[in-house]
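Peer 1: 3D model of this:
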Amino acid sequence: MISPYDGAVVAFDNECDHSSAISPPPHSYILAKDRPVLTESTIESMFREIVSVPNPTEEVFDQAEDLLEAELRDESPLRHRLSVELDELRSLAAAK
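Peer 2: Numbering: from 1, shown residues only. You can find the predicted model right below:
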């Protein structure tokens with residue numbers, strides 16, 4: 001659920017309806033004041049777009065890694081899976 005609090009977008013990580021709450025629930029929201037909250041599907045699509053260029057350079061890999069670090073928590077299964085894939089792509093590019 002996305003709800004405004006003090007001009008910020010708040011994304012709740014549970015399914016409860018907090019729209020009637022007077023204050024945001026403790027430690028169950030992510031503030032995103034300057035940008036929208038991205039879904040995992042959107043992040044994966046962005047990752048695929050970044051690494052799909054022909055003959056990717058180290059700069060391209062760094063950009064993909066920055067995306068994962070900025071948008072996904074350390075314990076995220078998607079971050080782990082895409083990080084492993086990124087390491088494999090780096091190895092393939094280095095072997096060429």
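Peer 1: which parts of stretch 41-59 are buried?
Peer 2: I43, E44, M46, F47, I50, V51, P56 (16 or more other Cβ atoms under 10 Å). Yep, even glycine has a C-beta here, placed from its N, CA and C like the rest.
Peer 1: roughly how far does the last one sit from S41?
Peer 2: For P56, the distance to S41 (Cβ to Cβ, to the nearest Å) stands at 22 Å.
Peer 1: repeat that for the fourth one.
Peer 2: In this structure, F47 and S41 are 11 Å apart, going by Cβ to Cβ.
Peer 1: now swap in the fifth one and tell me
Peer 2: Between I50 and S41 the distance is 15 Å, computed by Cβ to Cβ.
Peer 1: can I assume N55 sits in a strand?
Peer 2: No: if the criterion is DSSP: H, G, I helix; E, B strand; the rest coil, then N55 is coil and not within a strand.
Peer 1: without its sequence neighbours, what residue ends up closest to A93?
Peer 2: Counting by Cβ to Cβ, 6 or more residues apart in numbering, A93 lies nearest to P56, which is 5.9 Å off, once chain neighbours are set aside.
Peer 1: tell me, which helix in this structure spans the most residues?
Peer 2: helix 77-95 (DSSP state H).
Peer 1: A helix includes A70, no?
Peer 2: Yes: read with three-state DSSP, A70 is one of the residues of a helix.
Peer 1: number of residues surrounding it?
Peer 2: The number of residues packed near A70 is 9, by other Cβ atoms under 10 Å.
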